[in-house]
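Novice: Give me a model of this one.
(one chain, ligands or ions: 1)
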Amino acid sequence: MAEYKGIMVYGELIDGKLSSITTELLGCGRRLADELKEDLLCILVGDKLGDAPKKAVAYGADKVYAAEDPLLKDYQTDSYVAVMEKAVKDLSPRILIFGQTSVGRDLAPRLSFRLGVSVSMDCLELSIDPGTKFLQQTRPVYGGNARATFTSEVFPQMATVRQKAMSPLAPDEARKGEIASIKVELDPAKIRTKVLETVKEEVAGVKLEDAQAIVTGGRGIGGPDGFKQLEELAKVLKGAVGASRPPCDNKWVPDAMQIGLTGKIVTPELYIAVGISGASQHLAGCSGAKNIIAINKDPEANIFKEARFGVVGDWKQVLPAFTEKVKELLAG
Ligand SMILES: Cc1cc2nc3c(=O)[nH]c(=O)nc-3n(C[C@H](O)[C@H](O)[C@H](O)COP(=O)(O)OP(=O)(O)OC[C@H]3O[C@@H](n4cnc5c(N)ncnc54)[C@H](O)[C@@H]3O)c2cc1C
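Specialist: From the prediction side, this is the model:
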């Protein structure tokens, strides 16, 4: 029987660079590997990996496996599952983690089925059980109203991890690690899909996920016009505008602006929630913010329990004065 050893991170590349979720997974994997006193492995799959394997070492990997082939230029289920199945069977990692991204959501379940093991999707926390040394996988359940911790007793123990749930390590370019190539043997006839076009999401200004200041509007904003005032404050703070689910469902703003359980997860320094009640599904996306400021006319609104500072009042009166004061403070 194979001896399962090491924590393996499936790394993703965006425009030839390690994606932010990959650096987050490497940070988490490093912690797990140190606890188990085993190696942190990273597998990178693509057409041309450039210096990405070296970067993976800088972010904490002990050993990077590079699978390079022109047939792996774009993510395609058939080719990537085949490469990963072979690599995981050959390398026998104890733990295998993916990002909860469009690729991870497709690849991890298919691979787990091929390997005959389970996978916990969308985890927020991963830890090692001190007694059994099994991976404990914590994820939201009941629509985000509770969290459950799962473990499995078969290897590899697999999980996908939500973006921004973990923190990357500071990269250390002087860190030493091993880089090995994986031989790729793919039959083009078995790749049943073709990528015709890749459309990039257009973002004006700062990307929501990267913004250090976010001004978010909820149902209390009342319509698309109110969001223009939020944009003004976000601009002053050099930040971005987000939304709770109702403004997106009502088409006041694009779906890409949704923050929460079924939207984006953000961890800015400053999160200003305007006309938002603070439902658990919304908080699932913003509770990692360092400072939450809430503006709500209902003093009993749940958001005040999470907020560091709160203003009880109608946002239409509070926000213009708030924005002017911020402008004044930043100018002086
Ligand atoms: C499976 C599932 C997934 C979900 N995913 C998400 C998600 O990803 N993101 C998300 O946000 N929600 C999500 N939801 C919906 C979530 O449960 C809430 O319904 C939603 O977050 C409520 O949005 P809200 O706070 O903007 O609206 P409401 O709960 O209606 O709150 C509006 C708030 O605005 C205040 N207000 C009204 N007028 C003013 C005013 N003039 N000035 C100041 N305050 C005012 C009110 O006092 C109130 O507190 C999900 C739900 C489910 C079941």
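Novice: Chain neighbours aside, what residue packs nearest to the most centrally placed residue in the chain?
Specialist: Centroid-nearest residue in the chain, with Cα atoms, centre = their mean: residue 163, separated by 0.9 Å. The spatial neighbour of residue 163 that comes closest, neighbours along the chain excluded (Cβ to Cβ, 6 or more residues apart in numbering), is residue 21 at 4.9 Å. All C-beta atoms are positioned from the backbone trio N, CA, C, and that covers glycine.
Novice: Does the one you found lie in a helix or a strand, and which?
Specialist: If you go by DSSP states H and E, residue 21 is part of helix 20-36.
Novice: swap in residue 132?
Specialist: Applying DSSP H and E, one finds residue 132 in no helix or strand.
Novice: Report the separation between it and residue 152.
Specialist: According to Cβ to Cβ, to the nearest Å, residue 132 stands 11 Å off from residue 152.
Novice: can you list the residues of the chain near the ligand?
Specialist: By Cβ under 6 Å from any ligand atom, the residues of the chain that approach the ligand are 143, 218-220, 244-246, 258, 260-263, 275-277, 279, 281-282, 285, 295-298, 301, 314-316.
Novice: Which ones among those residues map onto strands?
Specialist: The members of those that map onto strands under DSSP state E are 295-296.
Novice: Which residues are in contact with residue 311?
Specialist: Residues in contact with residue 311 (Cβ atoms under 8 Å, 6 or more residues apart in numbering) are 293-296, 318, 322.
Novice: hang on, the earlier thing: what about residue 132 and residue 152, which has more around it?
Specialist: Taking neighbours as other Cβ atoms under 10 Å, residue 132 and residue 152 compare with residue 152 leading, 17 against 10.
Novice: where along the stretch 201-332 of the chain do the helices fall?
Specialist: Counting by DSSP state H, counting those that start in this stretch, the stretch 201-332 of the chain has helices at residues 224-236, 245-249, 280-286, 303-306, 315-331.
Novice: Tell me the buried residues in the host helix or strand of residue 121?
Specialist: In this assignment (DSSP H and E), residue 121 forms part of strand 119-123. Going by neighbour count (16 or more other Cβ atoms under 10 Å), the buried part of strand 119-123 is 119-123.
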